[in-house]
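Asker: A structural model of the following input is requested.
(chains A, B, C and D)
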Number of protein chains: 2
Amino acid sequence: MPRRQGQGPRRPTITDIAEKAGVSKGSVSYALNGHPGVSEPTRRRILAIAEEIGWHPNRAARALSASRAGACGLALARPARTLAYEPFFSKLLSGIESELSARQFALMLQIVEDVEAETEVLRRWWAERRVDGVLLVDLRVDDPRVPLVEQLGLPAVIVGGPGRTGSVPFFSGGDAEGIRQIVGHLASLGHRRIDRVGGSPEFAAMQVRTRVFEQALRAARARGRVVTTDFSSSAGAAATRQLLNSKSPPTAIVYDNDIMAVAGLGTAQELGVLVPAELSLVSFDDSTLCEVVRPALTARARDVFGYGARAAQALIALVDGEEMPGNVDEMPRLISRGSTASLAATAPGDGRDALPAH
Amino acid sequence: MPRRQGQGPRRPTITDIAEKAGVSKGSVSYALNGHPGVSEPTRRRILAIAEEIGWHPNRAARALSASRAGACGLALARPARTLAYEPFFSKLLSGIESELSARQFALMLQIVEDVEAETEVLRRWWAERRVDGVLLVDLRVDDPRVPLVEQLGLPAVIVGGPGRTGSVPFFSGGDAEGIRQIVGHLASLGHRRIDRVGGSPEFAAMQVRTRVFEQALRAARARGRVVTTDFSSSAGAAATRQLLNSKSPPTAIVYDNDIMAVAGLGTAQELGVLVPAELSLVSFDDSTLCEVVRPALTARARDVFGYGARAAQALIALVDGEEMPGNVDEMPRLISRGSTASLAATAPGDGRDALPAH
DNA sequence: CTGAAAGCGCTTACAG
DNA sequence: CTGAAAGCGCTTACAG
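Answerer: Residues are numbered from 1 along each chain as shown, chains lettered A, B, ... in the order given. The predicted structure is shown next:
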């Protein structure tokens, strides 16, 4: 026989409401949930009593009888200490959370070390009925989470595909269009040697970016290399140094995130390379960071908050068995700031002659 | 009579285990929870069967009978879209989450617009038994959450006091020591005019910082002003401009967060003020940001991840009715980087003569 | 329109 | 050491 915890006053239940109203618990439940089966006057009386005594449904009880957790899960396979460096992620989380809470869904968050650990979390959440569905981020190439959720029958939405996603719906982040805009912008400024400091190729999104980047270069009759990194500032700095010190240095560099772009800017400054006179820099993610450095960084902007919100909305629809909203492709836009400039306008010739040996 | 959702295979319950093992559900429960009341051979058999059929406890059922949600809550009264600008917060969240999940607690996260909305979330969570306890961050002066959790009997730990916290335990962030270290560092470099770009005074922590800042200035025989802001980069830039354009500009500025410090650096550069030759800059929060800009920013570093983890640990102890670990005051350390320098060493005289009019 | 009852999957005193 | 039973607070077919 359960004992009561000693904490605070006993919270009211539907039994209390039923007693006060002089009806059965069943009627109270119908009234509270807006189901047919109670007369309008009775419903109003019940609602008034619930309000008066400050009743709220016990989520555990509701979850148990309704076989529904009322929560969605987000497991993040990221070393916890690096989470801090991702303004993108914070915005995404805000967007997801705002939609979820507006729909009365709770958000379960867990940070794990790698994708294997994440699959374990997904299994456990589903087995424990902790969640009704999950959001999958940072899709990997041949991601094990996709077959897992399919096998489990766990409702899931992939945030930021595409990749091979099986039957799991996904929301694309508009990366392809973003890359095209950036390369187009740089090419229109006269750049023909455009390198890219990209993220790790294990991510499905990176493969798309690299493929589209190379297509865009060809379309612009430009050349360029891709250096892969782990997205960290130190890797961004190292890659920049490597590119600028190479035999044929670029006149423009595109970075896959804002942190690396800022690190690249600092590195260029250390090497005495003038931005944007001698080198143009573009970040693939916009953030306050890009605005506050000098020169401010040209960046691909997109509505990350809305992106997260739409993904959450899709997941709720999936969980509720409603029709999924379509994948509205994000339309990114390029925000031109001080870090990009025309080569011709700022540096006569190819602009490299005046460079110190670096 | 409940119906089964059409999703996936039926998940095993203790009834299944009891049948397979030929014992009662009660024995299964005792065995699974490591309680006395079952023989060792029986326990092992039960555990083996549970493992074999992939049993996991239904959290809703467990929560209902144990009157325990197995979750802690974190409601954030921050405009969702600005959450992105807080590396501090991301690290804190990671630390909290790591401790919680290590102890099998889930984290419920909700982002709300203001403290009033947050009190509503706390009330609802507790009434719905969604959480066993909550973490309170960004304590305000006369924060309504403190009397609320006391009245509700909702276990809570304040992250980043102090302030008037009633009976609610809190973890201090070591702000006082941090301020002293920064002012001491700048004074030892010869600075006597040290201004501070602080956060909004509605936060309890800001009051402490300002008080200690003024004490530290007096102790160092230095002078300085405090400008309050909303922590945003634009406010940081505006405050910097205001201070540098004043009749008696500072030779050093301390910023309450990294974003404002970076914005301040950019503003100084725009105004043609050389950092650190003519102006030293210090950030009160360290982050990658501080490392990647040029010059890199001197900053107060602290173990934010561990700070969050310890707060979560304290909350779990409180929820479990165990003894709370003591409030180990954070010992911050100052990381000296390129943005601070001795006045005398870099600029003869008071160093202001050479400044362009700004 | 309303009530009595069974059931969700656990936990835990109580008897044997 | 083990089993049978009640109870957590809901939801929902089923009878009236």
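
Asker: poorly predicted segments of the stretch 51-200 of chain A, please.
Answerer: A:79-86, A:162-164 (pLDDT under 70).

Asker: what does it put close to DNA strand D?
Answerer: The stretch 51-200 of chain A comes close to DNA strand D at residues A:55-58, A:61-62, A:64-66, as judged by C-beta under 7 Å from any atom of the strand. Every residue, glycine included, has its C-beta placed from N, CA and C.

Asker: now, which of those residues lie within helices?
Answerer: A:61-62, A:64-66 (DSSP state H).

Asker: in TSV: those, plus neighbour count.
Answerer: Formatted as TSV, those follow (neighbours: other C-beta atoms under 10 Å in any protein chain shown):
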residue	neighbour count
A:Ala61	17
A:Arg62	17
A:Leu64	21
A:Ser65	12
A:Ala66	14
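
Asker: same list (the residues you listed) but as a markdown table, adding distance to chain B.
Answerer: Rendered in a markdown table, the data for those read as follows (distance: C-beta to the nearest C-beta, whole Å):
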| residue | distance to chain B |
| --- | --- |
| A:Ala61 | 5 |
| A:Arg62 | 8 |
| A:Leu64 | 4 |
| A:Ser65 | 6 |
| A:Ala66 | 8 |
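
Asker: A:Leu281 - that's part of a strand, no?
Answerer: Yes - according to DSSP: H, G, I helix; E, B strand; the rest coil, A:Leu281 belongs to a strand.

Asker: burial count for it?
Answerer: Using other C-beta atoms under 10 Å in any protein chain shown, A:Leu281 has 27 neighbouring residues.

Asker: need the per-residue pLDDT for it.
Answerer: Here the pLDDT value assigned to A:Leu281 is 98.

Asker: bridged to it, which residues?
Answerer: According to DSSP bridges, the partner residues bridging A:Leu281 are A:Ile253.

Asker: measure it to B:Ala263 for me?
Answerer: Applying C-beta to C-beta, to the nearest Å, the value for A:Leu281 to B:Ala263 is 19 Å.

Asker: could you do A:Met324 as well?
Answerer: A:Met324 is 41 Å from B:Ala263, by C-beta to C-beta.

Asker: these two: who's more crowded?
Answerer: B:Ala263 (26 against 13).

Asker: wait, what's in contact with the residue of chain A found nearest DNA strand C?
Answerer: Closest contact between chain A and DNA strand C, by C-beta to the nearest atom of the strand, is at A:Gly26 (2.7 Å). The neighbourhood of A:Gly26, defined by C-beta atoms under 8 Å, 6 or more residues apart in numbering or on different chains, consists of A:Gly37.

Asker: and the pLDDT for it?
Answerer: Note for A:Gly26: predicted pLDDT of 87.

Asker: quick one: the helix or strand harbouring it to helix A:59-66, angle?
Answerer: Assigning secondary structure by DSSP states H and E places A:Gly26 in helix A:25-33. Orientation of helix A:25-33 against helix A:59-66 (axes from the mean of the first three to the mean of the last three C-alpha atoms, to 10 degrees) gives an angle of 110 degrees.

Asker: contacting residues for the residue positioned nearest the centre of chain A?
Answerer: Nearest to the mean C-alpha position of chain A, by C-alpha atoms, centre = their mean, lies A:Leu92 at 4.2 Å. Taking C-beta under 8 Å, 6+ apart, we find A:Leu92 in contact with A:137, A:159, A:304-305, A:307-308.

Asker: who are the contact partners of A:Ala216?
Answerer: Per C-beta under 8 Å, 6+ apart, neighbours of A:Ala216: A:179-180, A:183-184.

Asker: of those, grab the buried ones for ChimeraX.
Answerer: Restricted to buried positions by 16 or more other C-beta atoms under 10 Å in any protein chain shown, the ChimeraX selection for these reads:
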select /A:179,180,183
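
Asker: quick one: the helix holding A:Gly26 near DNA strand D?
Answerer: Yes - Helix A:25-33 comes into contact with DNA strand D (C-beta under 7 Å from any atom of the strand), by way of A:25-26, A:28-30, A:32-33.

Asker: follow-up on the earlier one: return the member of the contacts of A:Ala216 nearest to B:Pro332.
Answerer: In terms of C-beta to C-beta, no member of the contacts of A:Ala216 lies closer to B:Pro332 than A:Ile179, at 41.7 Å.

Asker: surely that closest one meets A:Phe213?
Answerer: Yes - between A:Ile179 and A:Phe213 there is a contact under C-beta atoms under 8 Å: 5.1 Å.

Asker: roughly how far does A:Arg103 sit from A:Asp132?
Answerer: Applying C-beta to C-beta to A:Arg103 and A:Asp132 gives a distance of 11 Å.

Asker: more neighbours, these two?
Answerer: More neighbours surround A:Asp132 than the other of A:Arg103 and A:Asp132, with 26 against 16 (other C-beta under 10 Å).

Asker: re earlier: give me the common contacts of A:Ile179 and A:Phe213.
Answerer: Counting by C-beta under 8 Å, 6+ apart, the residues touching both A:Ile179 and A:Phe213 are A:Val254.

Asker: so which residues of the stretch 1-150 of chain A form strands?
Answerer: A:71-77, A:106-112, A:133-137 (DSSP state E, counting those that start in this stretch).

Asker: quick one: these as JSON lines, columns for mean neighbour count and distance to DNA strand C too.
Answerer: As requested, those are arranged in JSON lines below (neighbours: other C-beta atoms under 10 Å in any protein chain shown; distance: least, C-beta to the nearest atom of the strand, whole Å):
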{"stretch": "strand A:71-77", "mean neighbour count": "24", "distance to DNA strand C": "16"}
{"stretch": "strand A:106-112", "mean neighbour count": "23", "distance to DNA strand C": "18"}
{"stretch": "strand A:133-137", "mean neighbour count": "26", "distance to DNA strand C": "18"}
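
Asker: which one, of these, ends up nearest to chain B?
Answerer: For the strands of the stretch 1-150 of chain A, the distance to chain B is smallest for strand A:106-112, at 4.9 Å, taking C-beta to the nearest C-beta.

Asker: quick one, that closest one and strand B:71-77 angle?
Answerer: Strand A:106-112 runs at 110 degrees relative to strand B:71-77, counting by the same axes, to 10 degrees.

Asker: neighbouring contacts of strand A:106-112?
Answerer: With C-beta under 8 Å, 6+ apart, strand A:106-112 has contacts from A:70-78, A:80, A:83, A:93, A:96-97, A:100-101, A:118, A:120-121, A:125, A:130-131, B:71, B:93-94, B:97-98, B:101, B:106-110, B:130.
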